[in-house]
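> got a sequence here, can you model it:
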Amino acid sequence: MQPLSFLPDSFAEYEDLKAVLEQGSANFEIRSVCETTVRGRSFSVFTASIGSTDPRAPAIGFFGGIHGLERIGSQLVLDYMRALLARLEWDELLVRQLQSIRLIFMPIVNPGGMWAATRANPNGVDLMRNAPQNADERVPPLAGGQRLGAWLPWYRGKEGEPMEEEALALLRVVETELATRPLSIALDCHSGYGWSDSIWFPYARTRERMPHLPEMYALKTMFERAHPHHGYAFEPQSHQYLLHGDLWDFAYDRTPAPNVFLPMTLELGSWLWIKKNPRQLFSRQGMFNPVMAHRTARVLRRHANLLDFLARAAFSSQRWLPQGQRREQMLQSAIDQWYGTERV
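So this is what the prediction gives:
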């Protein structure tokens with residue numbers, strides 16, 4: 001272990017975030033929603049918001065860095081923030097768009113873990129296993145969430161204890177900025193699972209259908225028609241594995257009716273980066289992030305379309321949110337695609 005005096009005071013993504021916030025200080029509403037301390041270093045968890053102040057306006061939250069090792073998710077959100085600020089200088093359509101929707105950014109949820117290069121937060125807790133609910137069925141050993149101790153990965157924290165500050169901060173942002181609105185969307189950017197990129201939505205705790213399955217199916221269908229070669233696997237997370245304590249399941253289930261909240265996880269498939277450069281296996285960072293600069297640039301370019309699409313979809317929500325008979329048709333189409341031959 002390195003002596004404290006030789007450890008860096010910060011890390012690249014955090015300094016990048018501060019630079020973006022400074023650049024956008026005239027446009028963003030900036031808040032520090034919690035503080036985290038790791039080995040004598042303190043970091044703020046920042047949010048930046050922009051757009052309509054109407055509490056009923058559709059909103060989108062972009063999140064990254066819940067797992068400290070998955071830097072590429074934070075880089076993707078930060079890159080989008082920079083592009084947004086640049087476009088505000090000339091893009092009249094974007095200015096009009098932001099008069100009707102609100103964007104909320106939380107690029108580094110777990111700065112202590114990112115500084116220490118750990119998946120977990122400074123207390124050794126995996127924030128994405130930290131909510132109190134349990135899965136309905138058996139989960140993968142360890143990976144589905146465990147309470148044996150922080151010396152093993154995927155630690156949920158002690159049963160009955162309060163959730164971690166970073167997890168609570170994320171939930172407060174969802175509760176106050178997203179879930180109170182008639183329509184809100186969240187995109188949480190991760191990496192590290194599979195050969196291809198995936199978009200997952202609730203549930204992770206159960207194989208049951210989410211109540212807003214028709215709305216999710218409508219969003220998926222629009223995206224496929226707008227970007228027919230997107231390459232994402234768009235499906236419920238339960239199709240891959242179940243887990244305890246998923247934050248997005250917890251936030252979704254607490255959203256008051258009749259509001260529509262559509263949380264999604266963008267899971268960037270890091271196995272392909274490892275296949276192209278097997279030496280990355282010998283680096284903790286390389287197991288979850290592209291190491292070569294040109295691959296990082298390619299990832300950032302590739303997924304910008306998804307983030308921009310979600311902003312446009314929120315802006316145009318009255319044109320596509322299914323109602324009445326159309327919603328029933330969408331529900332059956334969604335069931336046919338994701339749940340086999342089950343009928344409504």
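
> name the nearest residue to residue 339, ignoring sequence neighbours.
Distances taken as C-beta to C-beta, 6 or more residues apart in numbering place residue 209 nearest to residue 339, at 6.7 Å, with adjacent residues excluded. From N, CA and C alone the C-beta is placed, and that goes for glycine too.

> tell me the SS of that neighbour?
Here residue 209 is recorded as coil under DSSP: H, G, I helix; E, B strand; the rest coil.

> residue contacts, it?
Counting by C-beta atoms under 8 Å, 6 or more residues apart in numbering, residue 209 makes contact with 236, 334-335, 339.

> and those residues, which two are furthest apart?
Greatest spatial distance among the contacts of residue 209 (C-beta to C-beta): 236 and 335, at 11.3 Å.

> between the two, which is the more surrounded one?
More crowded of residue 236 and residue 335, by other C-beta atoms under 10 Å: residue 236, with 21 against 18.

> show me what that one is bridged to.
When assigned by DSSP bridges, residue 236 has beta-bridge partners residue 201.

> wait, it sits on residue 201?
Yes. Checked against C-beta atoms under 8 Å, the pair residue 236 and residue 201 is within contact range at 6.0 Å.

> list the buried ones in stretch 81-91?
Under the neighbour-count criterion of 16 or more other C-beta atoms under 10 Å, stretch 81-91 has 81, 84-85, 88 buried.

> and residue 196, what's its pLDDT?
What the model reports as pLDDT for residue 196 is 81.

> kindly apply the preceding question to residue 281 instead.
pLDDT, read off for residue 281, is 55.

> likewise for residue 269?
72.

> repeat for residue 97
As predicted, residue 97 sits at a pLDDT of 97.

> give me the nearest residue to it, chain neighbours excluded.
Leaving out its chain neighbours, the residue that sits closest to residue 97 by C-beta to C-beta, 6+ apart is residue 315, at 5.1 Å.

> which ones are touching that neighbour?
58, 97, 100-101.

> please flag which of these sit within helices.
residue 97 (DSSP state H).

> make a PyMOL selection of the buried ones in the contacts of residue 315.
In PyMOL, this line selects whichever of the contacts of residue 315 come out buried by 16+ other C-beta under 10 Å:
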select buried, resi 58+97+101
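
> returning to that earlier point: in strands, which of the contacts of residue 209 appear?
Residues of the contacts of residue 209 located in strands (DSSP state E): residue 236.

> what about the stretch 1-150 of the chain, any weak spots by pLDDT?
For the stretch 1-150 of the chain, applying pLDDT under 70 flags the ranges 1-7.

> so where do the strands sit in it?
Secondary structure of the stretch 1-150 of the chain (DSSP state E, counting those that start in this stretch): strands located at 29-38, 41-51, 59-64, 102-106.

> out of those, which is closest to residue 301?
Proximity to residue 301 (C-beta to C-beta) singles out strand 59-64 among those, at 16.6 Å.

> so how far is the closest one from its chain's centroid?
Relative to its parent chain, strand 59-64 has a centroid offset of 7 Å by C-alpha atoms, centre = their mean, to the nearest Å.

> given that strand, what are its sheet partners and their directions?
The strands beside strand 59-64 in its sheet (DSSP bridges) come out as strand 102-106 (parallel), strand 183-191 (parallel).

> out of the ones you listed, nearest to residue 268?
Residue 268 lies closest, by C-beta to C-beta, to one member of the strands paired with strand 59-64: strand 183-191, at 4.0 Å.

> now do that closest one: distance to the chain's middle.
Strand 183-191 sits 4 Å away from the centroid of its parent chain (C-alpha atoms, centre = their mean).

> avg pLDDT for it?
According to the model, strand 183-191 has a mean pLDDT of 96.

> report the buried residues of the longest helix seen in the chain.
Scanning the chain for the longest helix, with DSSP H as the assignment, gives helix 293-315. For helix 293-315, a neighbour-count test (16+ other C-beta under 10 Å) marks 295-296, 299-300, 303, 306-307, 309-311, 313-315 as buried.

> residue 9: which of the residues you listed is nearest?
The closest of the buried residues of helix 293-315 to residue 9 turns out to be residue 296 (C-beta to C-beta; 23.8 Å).

> so that closest one sits right up against residue 79, yeah?
No. With contact defined as C-beta under 8 Å, residue 296 does not count as touching residue 79 (9.7 Å).

> what packs against the strand or helix carrying residue 327?
Element membership for residue 327 (DSSP states H and E) is helix 324-338. With contacts taken as 3 or more C-beta pairs under 8 Å, 6 or more residues apart in numbering; DSSP states H and E, helix 324-338 sits against helix 213-226.

> what does the helix it packs on contact?
185, 199, 201, 210, 230, 234, 260, 262, 306, 309, 313, 320-322, 327-328, 330-331, 333-335, 337-338.

> from the residues you listed, which would you call buried?
The buried subset of these - by 16+ other C-beta under 10 Å - is 185, 199, 201, 210, 230, 234, 260, 262, 306, 309, 313, 321, 327, 330-331, 334-335, 338.
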